[in-house]
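Undergrad: What would the 3D arrangement of this be:
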Amino acid sequence: MATNKLLLILTAASIITILHRTAALPAETLTNAVDTLSNSGYVAMSLTLNLVSDVLLSHHNSATVFTPPDSSFSDFGQPSLTILQLHFSPMAFSLQSIRSLPYGTKIPTVDSGTFLTVTSRSPSDQISINDVKIVGSPIFDDGSLIVFGIESFFDPNFTVPDPPVPTARLDHCTASFADNSNFSFHDSANVLISRGYSVMASFLNLQLLGFITQPTLTVFAPSDEVMVDYSGRFPDYQSLFHRHVLPCKVSWRDLINIDDGTSFDTYLEGFEIKINRSGGSFKVNEVPITFPDMYYSDWIVIHGIREIVSLPKPVDEASDDDGDGDPFDDTPANTSGRELIASGPDRSEF
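TA: As a prediction, this is how the structure comes out:
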């Protein structure tokens, strides 16, 4: 057991070592999306994306684009920038994550404060947003940029015909366990790996939280690119993982409905994650959420985030900070909290 965990730790360290940081959508990603759209018969949106990506996506390192067919562009004429903004979300939504969203769930757009609305009634229905159906599987999907075909342009004056059923308020987060002891992180880890979050997948497979029975969890997963700063820092891995995990399931639907400033305990005892929302921007401890509901099941939900959630610096360090320090500083002096462990296994192998 100890040997297997050591191998997984070394695997995570190897992944971290070869990574490079990115701050926005790479030019290559946009070029590939433009080419794929053109080759798939969406010539109008291919040209449009090539023209407006600098305006609409320059400050985002993830996005979802909803593209009408060329016939809609012909019927509609040249859409205004306001109309185009409705078709660009600053977050990556996979087909699975959109399908998991209940009726009435809001999807932010790059026009701050303007949202799209999920209008499909059940996961078995064809997915629709603002009463416009999504056509088939994504046209383009590289994990950071996802492009869906839709039947027509979204109506900027659309309103939900039937108010969604109110959801129960989620203002607390406590550990919860199911009776099933035969659970596995296999499926969720595979999704993380496929989306460029291999380090967090390795941490899940390590089962650093020591669960005996199936828990309910929320994981805020930094992408591989931002984990490079932790290369070789083995003593920090548990703290790093524990402060990104909540002991309950908080879906995108929950995040949309909670109050700004709501805080949740994490598995790093004494450390909380605060949800901040402003317009279409959602952050955890000031780190933007970029890939909501990347993975969703009955007991675990995973959200992709742009950066690592940092620990607060001690008061004496903060007062002397000249702004040039390591933003992800996680030295032993900073880790005063104890990990909130779901059970008490022998941790001598660490």
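Undergrad: What ranges in this protein fall below the confidence cut-off?
TA: Segments of the chain classed as low confidence (criterion: pLDDT under 70) are 1-23, 162-172, 174-182, 207-214, 231-233, 314-350.
Undergrad: can you confirm residue 239 is in a helix?
TA: Yes. Remark: residue 239 belongs to a helix, assigned using DSSP: H, G, I helix; E, B strand; the rest coil.
Undergrad: quick one: it from residue 267, how far?
TA: Counting by CB to CB, to the nearest Å, the gap from residue 239 to residue 267 is 10 Å. C-beta here means a position set from N, CA and C on the backbone, and glycine is covered the same way.
Undergrad: next one: residue 111
TA: Look at residue 111 and residue 267: by CB to CB, they are 36 Å apart.
Undergrad: which residue ranges form the helices in the protein?
TA: 2-17, 27-39, 43-56, 70-76, 81-85, 95-100, 186-194, 198-206, 237-242, 252-257, 315-320 (DSSP state H).
Undergrad: Tell me which other helices or strands the fourth one touches.
TA: Counting by 3 or more CB pairs under 8 Å, 6 or more residues apart in numbering; DSSP states H and E, the packing neighbours recorded for helix 70-76 are helix 43-56.
Undergrad: roughly how far is the helix it packs on from the heart of the chain?
TA: Taking CA atoms, centre = their mean, to the nearest Å, one finds the center of helix 43-56 at 24 Å from the center of the full chain.
Undergrad: If you tally nearby residues, what's the number for residue 42?
TA: Burial of residue 42 is recorded as 24 neighbouring residues (other CB atoms under 10 Å).
Undergrad: how far away is the closest residue to it other than its chain neighbours from residue 48?
TA: Of all residues not flanking residue 42 in the chain, residue 67 sits nearest, at 5.2 Å (CB to CB, 6 or more residues apart in numbering). Separation of residue 67 from residue 48 (CB to CB): 8 Å.
Undergrad: And residue 309, by the same measure?
TA: 35 Å.
Undergrad: and what of residue 268?
TA: From residue 268 over to residue 48 the distance is 45 Å, taken as CB to CB.
Undergrad: ditto for residue 55
TA: Spatial separation of residue 55 from residue 48 under the definition CB to CB is 11 Å.
Undergrad: How about residue 243?
TA: Taking CB to CB as the measure, residue 243 falls 41 Å from residue 48.
Undergrad: Same question for residue 298.
TA: As for residue 298, its distance to residue 48 is 39 Å (criterion: CB to CB).
Undergrad: that older thread, so for residue 55 and residue 48, which sits in the more crowded spot?
TA: Each of residue 55 and residue 48 has its neighbours counted (other CB under 10 Å); residue 48 has more, 21 against 12.
Undergrad: so what's the nearest residue to the more buried one once chain neighbours are set aside up against?
TA: Spatially, and ignoring its direct neighbours in sequence, residue 48 is nearest to residue 84 (6.8 Å; CB to CB, 6+ apart). Contacts for residue 84 were tallied using CB atoms under 8 Å, 6 or more residues apart in numbering; they are 48, 52, 56.
Undergrad: Nearest to residue 34, out of those residues: which one, please.
TA: Taking CB to CB as the measure, residue 48 is the one of those closest to residue 34, at 9.4 Å.
Undergrad: in the stretch 101-250 of the chain, which spans are strands?
TA: 106-108, 115-117, 128-129, 132-141, 145-150, 217-222, 245-246 (DSSP state E, counting those that start in this stretch).
Undergrad: Please apply the same query to the stretch 251-350 of the chain.
TA: Listed in chain order, the strands of the stretch 251-350 of the chain (DSSP E, counting those that start in this stretch) span residues 263-265, 272-278, 281-284, 287-296, 300-305.
Undergrad: What is the end-to-end distance of stretch 122-133?
TA: Taking CA to CA, to the nearest Å as the measure, stretch 122-133 stretches 13 Å from start to finish.
Undergrad: How about it, which residues are buried there?
TA: By neighbour count with 16 or more other CB atoms under 10 Å, stretch 122-133 contains the buried residues 127, 128, 129, 130, 132, 133.
Undergrad: before we move on, what about stretch 44-57?
TA: Residues of stretch 44-57 classed as buried under the neighbour-count rule (16+ other CB under 10 Å) are 44, 45, 46, 48, 49, 50, 53, 56, 57.
Undergrad: chain center to that stretch, what's the gap?
TA: Using CA atoms, centre = their mean, the mean C-alpha position of stretch 44-57 is found 23 Å from that of the whole chain.
Undergrad: And for that stretch, what's in contact with it?
TA: Outside of stretch 44-57, the residues that reach it under the criterion CB under 8 Å, 6+ apart are 24-25, 30, 33-35, 37-38, 63, 65, 67-68, 70, 73-74, 79, 81, 84-85, 88, 90, 110.
Undergrad: Great, nothing more from me.
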